[in-house]
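Colleague: 3D, please:
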Amino acid sequence: MGRATWLLITFIILTIASATVCAATPNDFNVVIVHTGKTKAVNDYSDSLKDKLSNAYFQDVDISKYPLPHAKEVDLFVASGRKALDYLISKEVSAPILSVFLSRLSYLESLKLREKINNKQISAIYSDPDPSLLIHLSKILFPKNTTVAFVVSDTTEFLRPILEKSAAHFDVDITFSKLTDDHSLYKELNNLSNADVLLAMPDSRIFNKRSLSNILRSTYRHEQALIGYSKGMVKAGALASPSYSVKDIVNESVRFINQYLGNGILPKATYSQLFDIEINDRVAKTFNISLRNPEEIRRRLRASPILSGDGQ
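Modeller: This is a model prediction of the structure:
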């Protein structure tokens, strides 16, 4: 057999081996989605993520019923919700963790509760909107002499610099009032009654099922719009809110996972840059809002960069 033939055979063998390795590598990537019960959102998220990353191997683990698989068999944990994240942190798992369906505040609280976190690769796609998005949304809906208000508590004080920076960027006047105790909320709302808009971010001391209806009554009385952080708030009577579908979170998760596959590093925790806009048309008419097309509002929001979509 001649030298040329041997070279050809060697080339074919190496090519086949290389192709086999490349094809096998994605299949060797094991993702465990951790949750505390299969809700519709968890089901949809899990099914969609599997479809998008069809070459990876997925397991779903309900930690209220089953133990985690052996650590050596896991390349990435996806924690769905607060209990799942807290559980993985408490177990000091060695594989990276991606947190989904959790607000930035809850995510930071989970990290603070654990002074010693051996796993440096913990990241998140926050379930709440970027604060700068709410400022920009206020400016679009109230383009003239926009004034917004925000009630901070001890747990949301960290948002003040972000909101101030965004307000300056979008030429919006912002006023803050500090919640001193659980009984001072309506006093603080009265102090902010001159603003066009009251902004809402996740904070159970201020916005909860018991207080929301009273807050909405207060804003109506002051002829003030409430811009919230979820579709549910708009249904309850808020003027508008960004909203995030399971599809949005899946697409962001794919981006995170592909980056991790590419360089071994998860992106920093961040707000999702994929979103829809919910508008309460009845409330918009009350405030004489001329722009009520969610797609047009979304287009204008996407045209400006998110200012505070930073990490932890």
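
Colleague: So what's the residue count around residue 180?
Modeller: Residues near residue 180, counting by other C-beta atoms under 10 Å, number 12. Glycine gets a C-beta too; all of them are placed from N, C-alpha and C.

Colleague: Wait, a strand at it?
Modeller: No - counting by DSSP: H, G, I helix; E, B strand; the rest coil, one finds residue 180 to be coil, located in no strand.

Colleague: do you know how far it is from residue 304?
Modeller: Plainly put, residue 180 is 35 Å away from residue 304 if you go by C-beta to C-beta, to the nearest Å.

Colleague: likewise residue 173?
Modeller: Note on residue 173: its distance to residue 304, by C-beta to C-beta, is 18 Å.

Colleague: Residue 146 too?
Modeller: Using C-beta to C-beta, residue 146 is found at 15 Å from residue 304.

Colleague: With just CA atoms, put the host helix or strand of residue 285 into PDB.
Modeller: According to DSSP states H and E, residue 285 maps onto helix 281-286. Coordinates of each C-alpha in helix 281-286 appear next as PDB, following Å, rounded to 0.1, in the frame of the first residue of the first chain:
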ATOM      1  CA  ASP A 281     -56.700  50.500  27.800                       C
ATOM      2  CA  ARG A 282     -59.500  51.700  30.200                       C
ATOM      3  CA  VAL A 283     -57.000  53.400  32.500                       C
ATOM      4  CA  ALA A 284     -55.000  54.800  29.500                       C
ATOM      5  CA  LYS A 285     -58.200  56.500  28.300                       C
ATOM      6  CA  THR A 286     -58.800  58.000  31.800                       C
END
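
Colleague: In a helix, residue 34, correct?
Modeller: No - the assignment for residue 34, made by three-state DSSP, is strand rather than a helix.

Colleague: Isn't it up against residue 87?
Modeller: Yes - the pair residue 34 / residue 87 is scored as a contact, 6.9 Å apart, by C-beta atoms under 8 Å.

Colleague: Just want to know which of the two has more residues nearby.
Modeller: Taking other C-beta under 10 Å, residue 34 and residue 87 do not tie; residue 34 has more neighbours (25 against 20).

Colleague: still on that earlier bit, and the next helix or strand after the helix holding residue 285, what does it pack against?
Modeller: Sequence-wise, the next helix or strand beyond helix 281-286 is helix 294-302, with elements assigned using DSSP H and E. Taking 3 or more C-beta pairs under 8 Å, 6 or more residues apart in numbering; DSSP states H and E as the contact definition, the neighbouring helices and strands of helix 294-302 are helix 131-141, strand 276-279.

Colleague: okay if I get those as JSON lines plus distance to residue 197 and mean neighbour count?
Modeller: Below are the helices and strands packed on helix 294-302 laid out as JSON lines (distance: least, C-beta to C-beta, whole Å; neighbours: other C-beta atoms under 10 Å):
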{"stretch": "helix 131-141", "distance to residue 197": "5", "mean neighbour count": "24"}
{"stretch": "strand 276-279", "distance to residue 197": "14", "mean neighbour count": "19"}
